[in-house]
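S.K.: no sequence for this one, just the structure:
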């Protein structure tokens, strides 16, 4: 692991430790530095601000879990794995998701599911030509549904078994994604 | 109009006026009072804070537009009317939607589309018995898609004609909502 990544991990670990007892809104960069025993210079060399740390944590922790299952047949496992991972780190995720205006989590999930939906649409309907704009609208529509479902589950309490929610939401995401192409084609013909 | 509503309208108008030139983050209650020529007491008698004003504006302006078309056959007109209304008030809506952490708009739309989806599901599939939890998951999944679509359109620039986006997104919302019931029934049988 390069030294820079090691320092980022150290800072991320410190932020997580702090978030076990205080809310994200109350944490300052000074406190993060104290917790990690680093200088402010070191902090600002690696991150823009405390939001940037959270952004980095999401992208380094969530993306690998999701990307492992970036395929039409296996992405449901990835979603379930994500929920279980979040449950294991519940204190951190509940704290950060409650923070008003924390959008990195949403962006990270949206990006993944938008790409997955695009891939599914193109691969499952190679003969149907959607414009780039249409592909984007459709993919984001479903990505919003997926992301919202996970967010609802996470914000409620995360104590519940995520399996029924994952099954339901993923049926909506995938089952419909294929059927939809036809519905839209029909609508276009009108 | 009762006096209290009149004062609320006056304050809302003042906030909108201010938002034509400054961003929402920069506005203070003091400035709102100055703009409206009212005392702080009057302000706090009617609203908790500046966020509360925005919340009230959304609910008093958006809900009537949407509610006029709360039916399976006419809600698309309502969505288009909403987009046109937002275009007419573009300065206000672009300013406020750019403000990080402004969730009232999302809540307002989510509430409406969640209820609409529930109604559509129950009315179009009276023989299919969904549990309350399932109804909630399905409805929110689609409500997230709808709300996200409007938000994307609004955040981009709002200059574009919303008609193609509305058509696409509403096809996804309604076309699928009916087909979905069957997909889910099949999934349950497995």
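M.R.: Great, that's in hand. Since the model is a prediction, treat every value here as computed from it, not as a measurement. Numbers count the residues shown, from 1 in each chain, chains lettered A, B, ... in the order given.
S.K.: Buried residues, stretch A:152-165. List them.
M.R.: Residues of stretch A:152-165 classed as buried: A:152, A:153, A:154, A:158, A:162, A:165 (neighbour count, 16 or more other Cβ atoms under 10 Å in any protein chain shown). For glycine as for every other residue, the C-beta is placed from the backbone atoms N, C-alpha and C.
S.K.: Run the chain-centre distance for that stretch.
M.R.: 15 Å (Cα atoms, centre = their mean, to the nearest Å).
S.K.: where's residue A:15 relative to residue A:39, distance?
M.R.: 16 Å (Cβ to Cβ, to the nearest Å).
S.K.: Name the nearest residue to the spatially most central residue of chain A, ignoring sequence neighbours.
M.R.: For chain A, residue A:109 is the residue whose C-alpha lies nearest the centre (Cα atoms, centre = their mean; 3.0 Å). Closest residue to residue A:109 apart from its sequence neighbours, by Cβ to Cβ, 6 or more residues apart in numbering or on different chains: residue A:147 at 4.3 Å.
S.K.: if we can go back for a sec, so the residue nearest to the centre of chain A is in contact with residue A:63, correct?
M.R.: No: counting by Cβ atoms under 8 Å, residue A:63 is not a contact partner of residue A:109; they are 9.8 Å apart.
S.K.: And the helices in chain A?
M.R.: All helices of chain A, identified by DSSP state H, fall at A:3-19, A:29-36, A:40-46, A:50-67, A:75-88, A:90-98, A:104-124, A:132-156, A:163-170, A:176-189.
S.K.: For residue A:98, grab the count of nearby residues.
M.R.: Residues within reach of residue A:98, counting by other Cβ atoms under 10 Å in any protein chain shown, total 13.
S.K.: actually residue A:169, not the one I typed
M.R.: 25.
S.K.: need the contact list for it.
M.R.: If you count contacts by Cβ atoms under 8 Å, 6 or more residues apart in numbering or on different chains, residue A:169 has them with A:79, A:145, A:146, A:149, A:150, B:137, B:141.
S.K.: Equivalent analysis for residue A:62, please.
M.R.: Contacts of residue A:62 by Cβ under 8 Å, 6+ apart are A:82, A:85, A:105, A:108, A:109.
S.K.: swap in residue A:60?
M.R.: Counted by Cβ under 8 Å, 6+ apart, residue A:60 has contacts residue A:12.
S.K.: ok, back up a step: can you redo the contacts of residue A:62 as CSV with pLDDT?
M.R.: Formatted as CSV, these follow (pLDDT from 0 to 100):
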residue, pLDDT
A:82, 87
A:85, 89
A:105, 82
A:108, 84
A:109, 86
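S.K.: Whichever of the residues you listed end up buried, select them in ChimeraX.
M.R.: A single ChimeraX command selects the buried members of the contacts of residue A:62 (16+ other Cβ under 10 Å):
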select /A:82,105,108,109
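S.K.: want to try JSON lines for the contacts of residue A:62, with distance to residue B:93 as columns?
M.R.: Putting the contacts of residue A:62 into JSON lines (distance: Cβ to Cβ, whole Å) gives the following:
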{"residue": "A:82", "distance to residue B:93": "33"}
{"residue": "A:85", "distance to residue B:93": "37"}
{"residue": "A:105", "distance to residue B:93": "25"}
{"residue": "A:108", "distance to residue B:93": "26"}
{"residue": "A:109", "distance to residue B:93": "25"}
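S.K.: Do you know the pLDDT at residue A:95?
M.R.: In this prediction, residue A:95 carries a pLDDT score of 84.
S.K.: No further queries at this time; thank you.
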